[in-house]
Every structure is written in C-alpha cells, then in structure tokens.
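# Build me a model:
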Amino acid sequence: MPNRIIKDSICTSDTVAEMTDFEFRLWVGLITQADDAGRGDARPAIIKGRVFPLRERVTVADIDKALHGLAAKGCVSLYTVGGKPYFWFPTWELHQ
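The predicted model follows:
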C-alpha cells in the first residue's frame, strides 16, 4: 500500500470528534489499508490481521462494532460485492 496523508484538519473535525477512541484508531488504520480509490476489504478478521495484528485484546467483534459505528457517522460507507464486504471513504478524493 502507498503512504497516506493524515491532515491536521482532523483535530478540529466535528465528525472525528464524534468518534470513540477505538473508532478513531480503526479509521486511521483503514486509511492505511485503502486502495487508490479509497476502498478496502471490510471483513473484520482481515482488518484485525492488517490493522491490529499485535493487539490480542482487540477482537473481531470490536472491529465489527466500530466499523458499523464509523458507517453510521458517515466516515466510511459499507457495501457488498459477490457476498464480500468492502468499505469506502466517501471523501477520499478530497483528502488523498
């Protein structure tokens, strides 16, 4: 994956401020895993292995809950293709 940019505007974003601490950590991790179109594999077990590989206390259930929390806040969109779940950052083009 290419390097990604995190802008300082996240510090004053109302949307980011609404995230739980874990949602924020997941959101940043997903940014590092997204392809050039801002999309990625949304299977919680895959996300766990890629974003939290050394954090045994983080569970697949934690990730699933936080992923849906991010989607409810509009930070990511979730969709399915061929029975496989994916995430997409709706504002990707504005920031990357």
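# And stretch 38-49, how far out from the chain middle?
Relative to the mean C-alpha coordinate of its chain, stretch 38-49 is positioned 8 Å out (Cα atoms, centre = their mean, to the nearest Å).
# actually stretch 37-56, not the one I wrote
Between the mean C-alpha point of stretch 37-56 and the mean C-alpha point of its chain there is a distance of 8 Å (Cα atoms, centre = their mean).
# So for that stretch, what gets flagged as buried?
Taking 16 or more other Cβ atoms under 10 Å as the neighbour-count basis, stretch 37-56 is seen to contain the buried residues 38-44, 46-48, 51-52. In short, each C-beta sits where N, CA and C put it, glycine included.
# Which ones among these lie within helices?
Under the assignment DSSP state H, the buried residues of stretch 37-56 contribute 44, 46-48, 51 to helices.
# Kindly reformat those residues as CSV and extend each row with pLDDT and distance to residue 79.
Putting those into CSV (pLDDT from 0 to 100; distance: Cβ to Cβ, whole Å) gives the following:
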residue, pLDDT, distance to residue 79
44, 98, 15
46, 98, 16
47, 98, 15
48, 98, 20
51, 96, 19
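# Format those as JSON lines; extra columns: distance to residue 11.
As requested, these are arranged in JSON lines below (distance: Cβ to Cβ, whole Å):
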{"residue": "44", "distance to residue 11": "28"}
{"residue": "46", "distance to residue 11": "29"}
{"residue": "47", "distance to residue 11": "25"}
{"residue": "48", "distance to residue 11": "27"}
{"residue": "51", "distance to residue 11": "21"}
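# Closest to residue 76 out of those residues?
The nearest member of these to residue 76, counting by Cβ to Cβ, is residue 47 at 11.2 Å.
# which SSE is the closest residue to that closest one other than its chain neighbours in?
Counting by Cβ to Cβ, 6 or more residues apart in numbering, the nearest residue to residue 47 once its immediate chain neighbours are dropped is residue 63, at 5.2 Å. Element membership for residue 63, per DSSP states H and E: helix 60-72.
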